[in-house]
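In: show me the folded form of this:
(chains A and B)
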Amino acid sequence: MIKLTRIDDRLVHGQVAFTWTPALGVNCLLIANDKVANDEFLKMAINLAKPAGCKLIIKSVKEAIIFLNDEKSQNLKILVLINNVKDAAELAEHVAEIQSINFGGLRSKEGSKLISKAIAVNTDDIEIINQLANKGIELEVRQLPTDTKQLAVDLIKNIAV
Amino acid sequence: MSVSYILIVLIAMFGHSEDFLGTTLLSRPLVLGPLVGLVLGDLTQGVIIGATLELIFMGNIKVGAAIPPDVITGGVLGTAFAIISGKGPAVALAIAIPVSILAEMVISGLFVSRSLLNKRFKKYADDGDHQSFQRLHILSGLTKPLLMGIIILLALVLGAGPIKSFLEMIPLWVQTGLQVAGNMLPALGFALLMNLMFNKTMAPYFFLGFMLAAYLKLPVIAIGGLGCIIAILVTQVAPKPNTDDDFDDLEEEAPIENTTPTLLGKRDIRSVFFRSMALEANFNFETWQNTGFAFAMIPVLKKLYTTKQSMAVALNRHLQFFNTSPYGSTLILGITAAMEEQNRRDEEFESESINSVKMGLMGPLAGVFDSLFWGTFKVIAAGAGTSLAIKGNLMGPILFLLIFNVPHLLLRYNLSFIGYKAGTQFLQNLAKNNVMDRLTKGASILGLMVVGAMPATLIAISTPITLGSAKSAVSVQEILNQVMPAAIPLGLTFLVYYFVKKNVKTTYLLLGLLVLGFAGSIIHLFA
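Out: Numbers count the residues shown, from 1 in each chain, chains lettered A, B, ... in the order given. Purely as a prediction, here's the structure:
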């Protein structure tokens, strides 16, 4: 069962290990990222931050889709982590269970603008966000579980691109 | 009066300089409250008010870019007005809560506008001009204390008169109501902490802590000590994994010998440690701690790269987005120093790997160190500190700083050398021996026992209800004390925790508790 799907370009860090994991009561962190899945060093580093009593699964985006569509994954309470909007869209397209995506952190990049304290998007991101929103998927911006949800679509309207 | 105003502003500016001073909790109400009290001639009251505010803001933590209400501005102004008006802690919190929320908005604005400086930093980096670079980092760091100092001065000068006459109009029953409501608010702080730490498997440790405090009346420090022992015992019993590759361990545990002469000396690494204290001085919402990282690396870069061009390349490298827990930052800085040294020595070295290691480690290590320091050391420090300070004991704030910062600074100092000498090998050993798993488990046992002790020792709520007629009246509280002391504080904490779990907004919970306490006091349900 997916408890939350979160876009966070630092993947596992303080907010995830220390606030989201206990607040959601998840017992599995699934990292869907092609780069990390093929990098032993990054895997090792993320493994260090694994919260106590939590399973850590690192897969490429494709494998993550297969995993999430497997019935066995229903027995786990999963927090899915991706580090960019594109991967999130791909997951949402192939995993019907994902009806809501949390925007946790996206650092500034070339041509991007801040729509919230920790979320910067560029035109490509905005296009994907609008497509996802049109499909009826909730796109909410929250750094911490106790923050108030803001909709990414509304925040985008505030910036002129 | 004007001299004391200036001193109060200086105290607040000192608090707002914490980003220069290693995020060492100097800015907490428990520390600043006594200082304000000292200036206004009532140290004891300052200690008590500081402790009251600390309890309420206990669940507010700074992780990542999530900026909590500004307890510095709120706490200093609240404490000052409460002492000036002589109305006590209830007034302090009535002022501190709204002010801290407003001040947080100002600070967020500052963090956004600091991004404008990034072009400047880039230019200095391109020129290889590390002196201007570090000057700008410091100047930008000064903007926060200066800006907030001005705001606080204005608030004091303009606000003191009106607020004082307003406070004098408050009738006694409102004051009593506020007092009871204020005594209830720590339940919110505890519930927020529980939200981070409490779950079914860990619940026994919470109740163990509660019972030690409620029935045996053990002080928080004793419970912390017992928690340490239990945590060590439990993690020792836990099965040690990977027993099959014992032989590999033997081979690899040989100390890593660095035979090549090092370009960097002990002094350089020590200097990186000291500069890491200013990691967050130029915190901004675009690139976060990047210039802080570069600032800390400059002693190393200066030694390694003597030409303008090579310095420019190196400075530019460290301009990339960076954010990690300040408490473990020196580990990454140390590892980076070793890699920079290798980059200098070895033509073949791929300098890009420096940033990929930095980027790979910053998130996970933030997870480790934020949990350890916010979830364990801060909790124990605040629990022990406030339980003394709430009675007016000056040892409270001192103990608070010591419990947090002795382990913090020792670890932070040593991590810079461990990072430099052992590099990523150190982390690989940690990962292999599952040290982290045992450490996080032990730390959460310890933290949760102390949190469990808090409702029993730090929420002063009882009920004045009596049963039966006047002559044979039986006090409900006395019955409770015999069956389950601190039942009301515990129940209250779980009630708030239930709503926190339901995702009710913190502001609503705060208001709800205020109303409950106020109404409860008026109808003589609570005292």
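
In: can you pull the phi/psi pair for residue A:6?
Out: Residue A:6 adopts backbone torsions of phi -130, psi 130, taken as degrees, to the nearest 10.

In: ah, wrong one, I meant residue B:434
Out: Main-chain dihedrals, residue B:434, degrees, to the nearest 10: phi 60, psi 30.

In: swap in residue B:68?
Out: According to degrees, to the nearest 10, residue B:68 has phi -80, psi 170.

In: what's the pLDDT at it?
Out: Listed pLDDT for residue B:68 reads 81.

In: okay, now it: neighbour count?
Out: Neighbour count for residue B:68, taken as other CB atoms under 10 Å in any protein chain shown: 16. C-beta coordinates here come from the backbone N, C-alpha and C atoms, glycine included.

In: touching, it and residue B:104? I think so.
Out: Yes. Using CB atoms under 8 Å, residue B:68 makes contact with residue B:104 at a distance of 7.1 Å.

In: in stretch B:79-91, what's buried?
Out: Going by neighbour count (16 or more other CB atoms under 10 Å in any protein chain shown), the buried part of stretch B:79-91 is B:79, B:80, B:81, B:82, B:83, B:84, B:85, B:87, B:88, B:89, B:90, B:91.

In: which one of the residues you listed is nearest residue B:276?
Out: residue B:79 (30.6 Å; CB to CB).

In: can you show me the strands along chain A?
Out: Applying DSSP state E to chain A gives strands spanning A:2-8, A:28-32, A:55-59, A:78-82, A:100-105, A:113-116, A:119-121, A:138-141, A:150-151.

In: show me the shaky parts of the chain.
Out: Using chain A here. Residue ranges of chain A with pLDDT under 70: A:160-161.

In: that's the wrong chain, I wanted chain B
Out: Those would be B:1, B:60-66, B:238-261, if you go by pLDDT under 70 across chain B.

In: ok, the spatially closest residue to residue A:55 that is not a sequence neighbour - contacts?
Out: Of all residues not flanking residue A:55 in the chain, residue A:28 sits nearest, at 4.4 Å (CB to CB, 6 or more residues apart in numbering or on different chains). By CB atoms under 8 Å, 6 or more residues apart in numbering or on different chains, residue A:28 lies in contact with A:54, A:55, A:56, A:57, A:76, A:77, A:78, A:79.

In: mind giving me the PyMOL select for those, buried ones only?
Out: Buried residues among the contacts of residue A:28 (16+ other CB under 10 Å), as a PyMOL selection:
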select buried, chain A and resi 54+57+76+77+78+79
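
In: going by distance to residue B:399, which of the contacts of residue A:28 wins?
Out: Of all the contacts of residue A:28, residue B:399 sits closest to residue A:54, with 33.0 Å by CB to CB.

In: what is residue A:31 paired to in the beta sheet?
Out: Counting by DSSP bridges, residue A:31 is bridged to residue A:58, residue A:81.

In: quick check: residues of chain A near chain B?
Out: Listed as neighbours of chain B in chain A under the rule CB under 8 Å from any CB of the partner chain: A:10-19, A:22-23, A:25, A:39, A:41-42, A:44-53, A:105, A:107-108, A:114, A:117-118, A:120, A:143-148.

In: any idea how far residue A:58 lies from residue A:5?
Out: To residue A:5, residue A:58 is 16 Å away according to CB to CB, to the nearest Å.

In: quick check: phi and psi at residue 137.
Out: Just going to use chain A. Phi and psi for residue A:137, reported as degrees, to the nearest 10, are phi -90, psi 130.

In: hmm, no, I was thinking of chain B.
Out: Per-residue torsions, residue B:137: phi -60, psi -40 (degrees, to the nearest 10).

In: and if you look at residue B:466?
Out: Residue B:466 adopts backbone torsions of phi -120, psi 150, taken as degrees, to the nearest 10.

In: for burial, what's the neighbour tally of the nearest residue to it once chain neighbours are set aside?
Out: Excluding its sequence neighbours, the residue lying closest to residue B:466 (CB to CB, 6+ apart) is residue B:473, at 4.0 Å. If you count neighbours by other CB under 10 Å, residue B:473 ends up with 11.

In: go ahead and confirm residue B:473 touches residue B:465.
Out: No. Taking contacts as CB under 8 Å, residue B:473 lies outside contact range of residue B:465: 9.7 Å.

In: gap between residue B:265 and residue B:334?
Out: Residue B:265 is 14 Å from residue B:334, by CB to CB.

In: who has more neighbours, these two?
Out: Neighbour totals were compared for residue B:265 and residue B:334, and residue B:334 leads with 26 against 10 (other CB under 10 Å).

In: in contact with residue 77, which residues?
Out: Defaulting to chain A. Here residue A:77 is in contact with A:1, A:3, A:24, A:25, A:26, A:27, A:28 (criterion: CB under 8 Å, 6+ apart).

In: sorry, I should have been clearer: chain B.
Out: Residue B:77 makes contact with B:12, B:95, B:96, B:99, B:152, B:155, B:156, B:159, according to CB under 8 Å, 6+ apart.

In: please, which helix or strand holds it?
Out: helix B:71-85 (DSSP states H and E).

In: is the very next helix or strand once past that helix anywhere near chain A?
Out: Downstream of helix B:71-85, the first helix or strand assigned by DSSP H and E is helix B:89-113. Yes. Counting by CB under 8 Å from any CB, contacts between helix B:89-113 and chain A involve B:108, B:111, B:112.

In: looking at those, which is nearest residue B:129?
Out: Of the residues of helix B:89-113 next to chain A, the one sitting nearest to residue B:129 (CB to CB) turns out to be residue B:111, at 24.9 Å.

In: what is the burial count for that closest one?
Out: Neighbour count of residue B:111, defined by other CB under 10 Å: 18.

In: how about the residues of the stretch 151-300 of chain B that lie near chain A?
Out: Taking CB under 8 Å from any CB, the part of the stretch 151-300 of chain B that reaches chain A is made up of B:192, B:195, B:196, B:197, B:198, B:199, B:201, B:285, B:286, B:287, B:288.

In: buried residues in the helix ranked longest in chain A?
Out: Selection of the longest helix in chain A by residue count, based on DSSP state H, yields helix A:123-134. For helix A:123-134, burial by neighbour count (16+ other CB under 10 Å) applies to A:125, A:126, A:128, A:129, A:132, A:133.

In: what sits against the closest residue in space to the first one that isn't next to it in sequence?
Out: Just to be clear, that refers to residue A:125. Nearest residue to residue A:125, sequence neighbours excluded (CB to CB, 6+ apart): residue A:85, at 4.5 Å. By CB under 8 Å, 6+ apart, the residues touching residue A:85 are A:7, A:106, A:121, A:124, A:125, A:128, A:129.
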